[in-house]
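# No letters, just coordinates:
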């Protein structure tokens, strides 16, 4: 990374009260205007990572620095000022927009919370709705009167309202029908081009993440198992889990690496590598210690946390491929 | 089989949780009809939900055939009527819902059976894998007992012990590790993928001729989805089941379909061989749906979205083509007359007067580049 990252998360860990270690020593950076994707299956800790970064949850250890400032010790107005620049587009706009506020009021609410002058709020909300492509005729409607796609545009307008530098998109398009999802993805890219916003894009949808991301982080059982530039990652997935994940995407007549078994309980993860219980190339040594990230191929910051990298084995070749 | 009128069967002890109990008007001793082969034919199916204030026409006259041993994918977005169609075929709606058309399984007219005869076919000849694995299993009963219920109901196993052993066999068949333990487990003790497999085990317990799977992998992670889709394929190979697979996921359709029927606003807009429909679609909606999904080649931010949004269930205008408001090719004729399905190639139909039998919409090109004669 040549420029100073806008977001720097170092060694974040979070264990919930029920004993689940949701995030285990996760570090990542996002550069200005960059899109970093986090992919993984349910329970891998990707949403919790997003919440830790937004400080909607307090990490047990590690810290988050945004725009060069450590969020850990911040509170009150200083944290509020940071949050103006660090916004969220949540998965489900039906539940994240107050049903008793019109969409204009919902956006104005955010602006008031960030102490915008009263006389600026009206023109600003009108501008924002126009910017995200919500017709002016809808401005005084309530959330239940809008479709899912329109509501997600409103959620984006609300996130945009305070001129953020980074937006965390947590499964922001997952609930939308494909024909509408494409519209919203195009809008996100257009806004990024025009306004230079960085995205942390959390999704289980590999196609969407590949389309949108400059860099991608793959998580499994609370840990980052692989990280790389997006194109490089899809060209040469190195971690056996990433290989399995990519080859699980349905399609006709391709070689598929079907994993056996389910995700282990995050409350009681396996020793050593978390993936070893389902890994087709696991060896005894995988149980001994947690694998450190190693550089793969040297391109594009490609790193994978697997001790078998460099042994010349691939998961696809080793498993009984369907 | 043409003798599918008034069938009298002995009353069952329990009534299925999925159906309303019917008045026991029909008591007798004639056996329920048994479909001789496994072709499911649906003709002109329409489903409307009526309330005092309005009627929602969720399905507006669709026809399709699931050939024995083959897979038909019913593909569509939310509100298109795909799940309603599947459930209507199984007669899972109460009498308050208006259903018309015909559904025949191996010559037996499902809509002409009385409720008890239908119950004897449901699970035995045609079975459902529902979408929501957590909501579809009884949380208070062990998995084994829920599988055994189907077996005993259809007289496949009589003793409790035999039924339990067969339940374990079935769980092993759907790839559950340690089936002996899973038989004794309650649903909450299993993961989502395992619960979905348990539902598949229940559905295949009596080796039905047709399996209706309603978004069976939508709630699952992609690695588990791959396992479940493989399982369907191998079960089909072993048991020769027909599969009616309802999904919104083009990639799932591509992997599984022998034939694809694309639904929009309660109607079929295109039907044909899976490979053709999903590679060289004839209807502008199908083409648009395929283009809206990102591929590695799509330049970032240049997805070809379909403008507007699909109509909510039953909200579509009934004059002209329901897709016309979002279609780049729409003409005045499209807005005035509702298009019928016409052949565009061998065993391939599309309902579009503009396309009208040609297969013009190249993948990757904007629909506006298509010549309109």
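Perfect, I can see it now. Please read these numbers as outputs of a predicted model, since none were measured by experiment. Numbers count the residues shown, from 1 in each chain, chains lettered A, B, ... in the order given.
# hey, let's count contacts and neighbours off CA atoms from now on
Fine.
# Go through the helix or strand where residue A:13 lies and flag the buried ones.
Counting by DSSP states H and E, the element that carries residue A:13 is strand A:7-15. By neighbour count on 16 or more other C-alpha atoms under 10 Å in any protein chain shown, the buried set for strand A:7-15 is A:7, A:8, A:9, A:10, A:11, A:12, A:13, A:14, A:15.
# The next helix or strand after it packs against which elements?
Of the helices and strands lying after strand A:7-15 in sequence (DSSP H and E), the nearest is strand A:21-30. Strand A:21-30 sits against strand A:7-15, helix A:46-53, strand A:198-203, strand A:223-229, with contacts defined as 3 or more C-alpha pairs under 8 Å, 6 or more residues apart in numbering or on different chains; DSSP states H and E.
# and which of the buried residues of strand A:7-15 is nearest to chain B?
residue A:15 (20.9 Å; C-alpha to the nearest C-alpha).
# which residue packs closest to the closest one, ignoring adjacent ones?
Using C-alpha to C-alpha, 6 or more residues apart in numbering or on different chains and skipping residues adjacent in sequence, the residue nearest residue A:15 is residue A:21, 4.2 Å away.
# what's the neighbour count on the one you found?
By other C-alpha atoms under 10 Å in any protein chain shown, 21 other residues sit near residue A:21.
# Hmm, residue A:222 and it touching each other?
Yes - contact status for residue A:21 versus residue A:222: in contact at 6.9 Å, counting by C-alpha atoms under 8 Å.
# Can you pull the residues that touch both of the two?
residue A:266 (C-alpha atoms under 8 Å, 6 or more residues apart in numbering or on different chains).
# Around chain B, pick out the residues from the stretch 1-150 of chain A.
Within the stretch 1-150 of chain A, the positions near chain B by C-alpha under 8 Å from any C-alpha of the partner chain are A:41, A:42, A:147, A:149.
# try 10 Å
A:40, A:41, A:42, A:147, A:148, A:149, A:150 (C-alpha under 10 Å from any C-alpha of the partner chain).
# who wins for most neighbours among the residues you listed?
Counting by other C-alpha under 10 Å, residue A:40 has the largest number of neighbours within the residues of the stretch 1-150 of chain A next to chain B, with 28 neighbours.
# per-residue pLDDT, residue B:371?
We have a pLDDT of 35 for residue B:371.
# can you count the residues close to the residue nearest to residue A:58 when sequence neighbours are not counted?
Leaving aside its sequence neighbours, residue A:58 sits nearest to residue A:52 (C-alpha to C-alpha, 6+ apart; 6.1 Å). Residue A:52 has 22 neighbours, counted by other C-alpha under 10 Å.
# what do you get for residue A:77?
By the criterion of other C-alpha under 10 Å, residue A:77 has 10 neighbours.
# Please name the residues that touch it.
Neighbouring residues of residue A:77 by C-alpha atoms under 10 Å, 6 or more residues apart in numbering or on different chains: A:83, A:114.
# how close does it sit to residue A:241?
Distance of residue A:77 to residue A:241, computed by C-alpha to C-alpha, to the nearest Å: 42 Å.
# So, low pLDDT: which residues of the stretch 1-150 of chain B?
Residues of the stretch 1-150 of chain B meeting the criterion pLDDT under 70: B:1-32.
# Go again with 80.
Scanning the stretch 1-150 of chain B for pLDDT under 80 picks out the ranges B:1-36, B:133-134.
# And the strands in it?
B:40-50, B:55-66, B:71-75, B:97-105, B:108-109, B:126-129 (DSSP state E, counting those that start in this stretch).
# Over to chain A?
Along chain A, counting by DSSP state E, strands occupy A:7-15, A:21-30, A:35-39, A:61-66, A:69-70, A:86-89, A:166-170, A:198-203, A:215-220, A:223-229, A:294-295, A:303-304.
# Dump these to a markdown table, plus distance to residue A:246 and mean pLDDT.
Shown next, in a markdown table, are the strands of chain A (distance: least, C-alpha to C-alpha, whole Å; pLDDT from 0 to 100):
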| stretch | distance to residue A:246 | mean pLDDT |
| --- | --- | --- |
| strand A:7-15 | 26 | 96 |
| strand A:21-30 | 22 | 95 |
| strand A:35-39 | 11 | 97 |
| strand A:61-66 | 30 | 95 |
| strand A:69-70 | 35 | 92 |
| strand A:86-89 | 26 | 96 |
| strand A:166-170 | 20 | 97 |
| strand A:198-203 | 14 | 97 |
| strand A:215-220 | 11 | 96 |
| strand A:223-229 | 13 | 96 |
| strand A:294-295 | 20 | 92 |
| strand A:303-304 | 15 | 94 |
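# got a markdown table for those, with distance to residue B:77 too?
Below are these laid out as a markdown table (distance: least, C-alpha to C-alpha, whole Å):
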| stretch | distance to residue B:77 |
| --- | --- |
| strand A:7-15 | 37 |
| strand A:21-30 | 33 |
| strand A:35-39 | 24 |
| strand A:61-66 | 39 |
| strand A:69-70 | 44 |
| strand A:86-89 | 23 |
| strand A:166-170 | 22 |
| strand A:198-203 | 20 |
| strand A:215-220 | 29 |
| strand A:223-229 | 32 |
| strand A:294-295 | 42 |
| strand A:303-304 | 37 |
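# Tell me which of those is the most buried.
strand A:35-39 (a mean of 27; mean count of other C-alpha atoms under 10 Å in any protein chain shown).
# now do the same end-to-end measure for stretch B:332-349.
22 Å.
# swap in stretch B:77-86?
Using C-alpha to C-alpha, the two ends of stretch B:77-86 sit 14 Å apart.
# and that stretch, is it in reach of chain A?
Yes - contact of stretch B:77-86 with chain A (C-alpha under 10 Å from any C-alpha) involves B:77, B:78.
# Where is the longest helix in chain B?
Longest helix in chain B, counting residues (DSSP state H): helix B:222-239.
# ok and it relative to strand B:71-75, angle-wise?
Relative orientation of helix B:222-239 and strand B:71-75, computed by axes from the mean of the first three to the mean of the last three C-alpha atoms, to 10 degrees: 140 degrees.
# list the contacts for the single nearest residue of the stretch 1-150 of chain A relative to chain B?
Nearest to chain B, among the residues of the stretch 1-150 of chain A, is residue A:41, at 5.8 Å (C-alpha to the nearest C-alpha). Contacts for residue A:41 (C-alpha under 10 Å, 6+ apart) come out as A:203-205, A:218-221, A:245, A:263, B:220-224.
# By neighbours, which of these wins?
Counting by other C-alpha under 10 Å, top hit in the contacts of residue A:41: residue A:221 with 27 neighbours.
# Can you read off the pLDDT for the nearest residue to that residue once chain neighbours are set aside?
Once flanking residues are discounted, residue A:221 sits nearest to residue A:44: 4.4 Å by C-alpha to C-alpha, 6+ apart. At residue A:44, the model reports a pLDDT of 91.
# From what I see, residue A:44 and residue A:22 are in contact.
Yes - with contact defined as C-alpha atoms under 10 Å, residue A:44 and residue A:22 form a contacting pair (7.1 Å).
# hey, what's in contact with both of those two?
A:221, A:222, A:223, A:266.
# Just flag the most distant two among these.
Using C-alpha to C-alpha, the pair of the shared contacts of residue A:44 and residue A:22 lying farthest apart is A:223 and A:266, separated by 10.7 Å.
# Mutual contacts of those two, please.
Here residue A:223 and residue A:266 have A:21, A:22, A:23, A:44, A:45, A:274 as joint contacts, going by C-alpha under 10 Å, 6+ apart.
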